[in-house]
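**Q** Fold the following for me, if possible:
(2 chains)
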Amino acid sequence: MSATWQHRLAERGVDRRLWLLLPATIFVLLLFVYPFLYGLSLSFQPTDGGGVLANYSKFFSDAYQRDTIATTLKIALPAALLNVLAAVPIAFRLRGRFRGKRLLTTILVVPITLGTVLTAQGLLNYLGPTGWLNRLLLSLHIVDDPIRLTNNYWGVFFSLVITGFPFAFLLVLSYLSGIDPTLERAAATLGASRAQRFRRITLPLLAPGLATTFLLTFVLAFSVFPSAVLVGNPAGSTRVISLAAYQAAYEQYDYSYASAIAMVMGAVELVVVAIVLVWRSRLYTGSTGGKG
Amino acid sequence: MSGFDQLRLDGVTRRFGAADALVGLDLTIERGEFIALLGPSGCGKSTALNCLAGLLPLTAGAIWQDDQRIDTLPPEKRGFGMVFQNYALFPHLTVRDNIAFGLRMRHLPKDDVRRRTTEAIEMVQLIEHASKLPGQLSGGQQQRVAIARATVLEPTLVLMDEPLSNLDAKLRLEMRTEIRRLHQSLGLTTVYVTHDQEEALSMADRLVVMRQGKVQQIGTPEEVHTKPSTWHVADFMGYRNLLPLKASQMNGDQVTVDLGGTAIRGSAQGAVAPGDDVIAAVRPEDVKLSDQGVKGLVEVVEYQGRERAVEVVLDGGGQDDPVRLHVRTEQRVEAGEQVALTVTPGRLLVYPS
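**A** As a prediction, this is how the structure comes out:
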């Protein structure tokens, strides 16, 4: 190869360092692209015959199955939204440097390490019918019967908040630290009150980050499975879509149908992601003046 | 908001932990004045500005605007404009929206906002850039937006925190004139923070020279330039020659010092007695090459256009501790040449050390 060619290729980023991408490429091909394409093609080969789209029409014509989409969205969207909204004020308060920041951040992030099962166990202990909260409320005569906070919608919701919040918090904190604090001071000298500074300056600069954070926690919440069984009501109010796929695959051994459900699940997520990204693309996403 | 006649800083003090950033600043600012806070970095000048703006609470002291105490007001209630060192333009708003921001916060009628914003954009000559985002502008243009944004509200006081330090040398000179012109044409009262003595001298009506959180001297540019109150101020005002010497004779406020075996007369600044250790200060441009006087050897010559900056090692100094004099001259000299130096009469200032 002539030297000129080498220079030209290097200009476009083609040089020997490109080999560094090889492990990741193999990883993605083997563990994501291949299984995805395999599942996709499997979903078009229904076990019982009836045409290419039989699995999909079966899913959408059965209200019991179809409703899992709404059920999952009803849990995942509010949980993701709450995670993001709760992370903003806490991150807002915790940005900047102060003593004990590392300790506080660690405490807020610890739930990541717990895992879903431990979280579910904890939820049952605290919020279950004979959990500490209900025993306290009963002994104080605030309620006459235990309030039901587990083995229903709320159990799953709390579980998603506990496991999803640390992610949201860490992301929002890093986005917020990337915004130059002088901007708010400048707004203050221009007569903007605390609320106006947040609404006019901080929030618009933070919004793209919030959109990204929302998407990540939403995707985590949408694939909820263990907590839907452990602290939810898997036969009713928390019969989420991943549960439907699980039942098809491991109770009815209909892998083709299960693949179709998984594809529907992916498609629904993609729709939400697309909507949020379209909204995000209309926001200002350039420099936020900070050290980022 | 109506203007004030006087702004009075009364023992303004700010502590960060155990460190005193600003100690007992007393200063009265008259309406229409251009005041420069001058000093090396860490001298407390920016702290003073932030205290004035309300961005930093005071540890002690008070700030009075005529009869009203304002140091307890938050920044948004003070009505002062501020220009930040990094400009702090809102990156998501256009030039026009940046400048209109303060007017909108005041809930002025839409027509008013549009008219005044347009005037301000015209004033800083950015009409064709009005709908650009700050990121698309050059440093000088961003600077002008920042100034327009701070002045469009016709604030009673404009605070500027080293606004020119991020610009290149040529632009800095242009903006200097521009800021001074705006100050006069808009009838502003300005407090300007800088570490550049030339900038301060050329722009301000009064200088406040600071060091280690304390005021060293307050005076007109001429006073501070010709009669620095301490040798620290002299050092900062361009007296590059600060020589530790001994006072030999006193005659009124005239004091004689011995420089390289030659007796030189200077004027005493502060309490100096014969036999005292003193610091003699003189500017390089007040030391002349001549046929007689203090003898020395040229060590370094820097060509600086019209003039040369020359460093001379005086004869008779110790081996380990040679006495050096900085000289500016239009004469041609070479390193290694023997020269004789005289000090322009009356330009040598003698400070107690």
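**Q** so where do the strands sit in the stretch 251-353 of chain B?
**A** B:254-259, B:262-268, B:277-282, B:287-290, B:294-304, B:307-314, B:324-329, B:338-343, B:349-352 (DSSP state E, counting those that start in this stretch).
**Q** what's the answer for the stretch 51-200 of chain B, then?
**A** Going by DSSP E, counting those that start in this stretch, the stretch 51-200 of chain B shows strands at B:60-65, B:68-69, B:80-83, B:157-161, B:190-194.
**Q** Show which residues not belonging to the longest one make contact with it.
**A** Looking back up the chat, that one is strand B:60-65. Outside strand B:60-65, the residues that touch it by Cβ atoms under 8 Å, 6 or more residues apart in numbering or on different chains are B:4, B:6-13, B:24-25, B:51-52, B:69-71, B:156. For the C-beta atoms, the positions are set from N, CA and C on the backbone; glycine is no exception.
**Q** how about the residues of chain A near chain B?
**A** Where chain A comes near chain B, counting by Cβ under 8 Å from any Cβ of the partner chain, the residues are A:180, A:182-183, A:185-193, A:196, A:200-201, A:204-205, A:284, A:286-289.
**Q** residues in contact with the helix or strand bottoming out on mean pLDDT in chain A?
**A** Using mean pLDDT, DSSP states H and E, helix A:3-11 stands out as the lowest-scoring helix or strand of chain A, at a mean of 83. Here helix A:3-11 makes contact (Cβ under 8 Å, 6+ apart) with A:Asp15.
**Q** switch the cut-off to 10 Å
**A** Here helix A:3-11 makes contact (Cβ atoms under 10 Å, 6 or more residues apart in numbering or on different chains) with A:1-2, A:14-18.
**Q** Run a quick neighbour tally on residue 90.
**A** If you meant another chain, say so; for now it's chain A. 16 (other Cβ atoms under 10 Å in any protein chain shown).
**Q** nope, chain B
**A** Neighbours of B:Phe90 (other Cβ under 10 Å): 26.
**Q** isn't it right next to B:Leu133, touching?
**A** Yes: assessed by Cβ atoms under 10 Å, B:Phe90 is found in contact with B:Leu133 at 9.3 Å.
**Q** residues in contact with whichever residue of the stretch 151-300 of chain B sits closest to chain A?
**A** Distances between the stretch 151-300 of chain B and chain A by Cβ to the nearest Cβ are smallest at B:Leu153, namely 7.0 Å. When contacts are counted by Cβ under 10 Å, 6+ apart, B:Leu153 touches A:189-191, B:1, B:79-81, B:99, B:101-103, B:105-106, B:108, B:116, B:120.
**Q** State the phi and psi torsions of the nearest residue to B:Asp5 once chain neighbours are set aside.
**A** Counting by Cβ to Cβ, 6 or more residues apart in numbering or on different chains, B:Asp5 lies nearest to B:Arg31, which is 5.4 Å off, once chain neighbours are set aside. B:Arg31 adopts backbone torsions of phi -60, psi 130, taken as degrees, to the nearest 10.
**Q** repeat for the one 4 residues further on
**A** Note on B:Ile35: backbone dihedrals following degrees, to the nearest 10 are phi -110, psi 130.
**Q** go on, the one 3 residues further on?
**A** For B:Leu38, the backbone dihedrals (degrees, to the nearest 10) come out as phi -120, psi 140.
**Q** Tally up the residues packed near it, please.
**A** 29.
**Q** if I look at it, how far off is B:Tyr87?
**A** Per Cβ to Cβ, to the nearest Å, B:Leu38 is found 21 Å from B:Tyr87.
**Q** what's the answer for B:Gln217, then?
**A** Taken as Cβ to Cβ, the span from B:Gln217 to B:Tyr87 is 30 Å.
**Q** max-length helix in chain B?
**A** In chain B, with assignment by DSSP state H, the single longest helix is helix B:169-185.
**Q** Let me know whether it sits next to chain A.
**A** No: Helix B:169-185 stays out of contact with chain A when judged by Cβ under 10 Å from any Cβ of the partner chain, the minimum separation being 17.3 Å.
**Q** what's the angle from that helix to strand B:157-161?
**A** In terms of direction (axes from the mean of the first three to the mean of the last three Cα atoms, to 10 degrees), helix B:169-185 departs from strand B:157-161 by 170 degrees.
**Q** What is the burial count for A:Arg66?
**A** 15.
**Q** Kindly provide the distance from it to A:Arg239.
**A** Distance from A:Arg66 to A:Arg239, by Cβ to Cβ: 11 Å.
**Q** before we move on, what about B:Leu245?
**A** On the measure of Cβ to Cβ, B:Leu245 and A:Arg239 end up 94 Å apart.
**Q** Identify the spatial nearest neighbour of the residue of the stretch 101-250 of chain B found nearest chain A, chain neighbours not counted.
**A** Closest to chain A within the stretch 101-250 of chain B is B:Gly102: 3.6 Å, counting by Cβ to the nearest Cβ. Excluding the flanking residues, the one nearest B:Gly102 by Cβ to Cβ, 6+ apart is A:Leu190, at 3.6 Å.
**Q** Looking at B:Gly317 now. What's its pLDDT?
**A** As predicted, B:Gly317 sits at a pLDDT of 66.
**Q** related to what we said a few turns ago, in CSV, list the C-alpha atoms belonging to the helix or strand following the least confident helix or strand of chain A.
**A** The C-terminal neighbour of helix A:3-11 among helices and strands, as given by DSSP states H and E, is helix A:22-28. The C-alpha trace of helix A:22-28 is given here as CSV (Å, rounded to 0.1, in the frame of the first residue of the first chain):
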residue,chain,number,x,y,z
LEU,A,22,-12.9,-6.2,17.1
PRO,A,23,-13.8,-7.7,20.5
ALA,A,24,-16.8,-5.4,21.0
THR,A,25,-18.0,-6.1,17.4
ILE,A,26,-17.8,-9.9,17.9
PHE,A,27,-19.6,-9.5,21.3
VAL,A,28,-22.5,-7.4,19.7
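**Q** Residue ranges in the stretch 1-150 of chain A under the pLDDT threshold?
**A** Applying pLDDT under 70 to the stretch 1-150 of chain A flags residues A:1.
**Q** ok, for A:Gly155, nearest residue in space, not its chain neighbours?
**A** Closest to A:Gly155 by Cβ to Cβ, 6+ apart is A:Val231, at 3.4 Å.
**Q** again with A:Phe225
**A** A:Ser242 (4.4 Å).
**Q** residues in contact with that neighbour?
**A** A:68, A:72, A:222-226, A:228-229, A:261-262, A:265.
**Q** Which strand or helix spans it?
**A** Here A:Ser242 is assigned to helix A:241-250, by DSSP H and E.
**Q** what pLDDT does whichever residue of the stretch 251-353 of chain B sits closest to chain A get?
**A** As assessed by Cβ to the nearest Cβ, chain A sits closest to B:Gln304 within the stretch 251-353 of chain B, at 36.7 Å. B:Gln304 carries a pLDDT value of 88.
**Q** Report the beta-bridge partner residues of it.
**A** Using DSSP bridges, the bridge partners assigned to B:Gln304 are B:Glu307.
**Q** That one and B:Val327 touch, don't they?
**A** No: contact between B:Gln304 and B:Val327 fails when scored by Cβ under 10 Å: they sit 12.0 Å apart.
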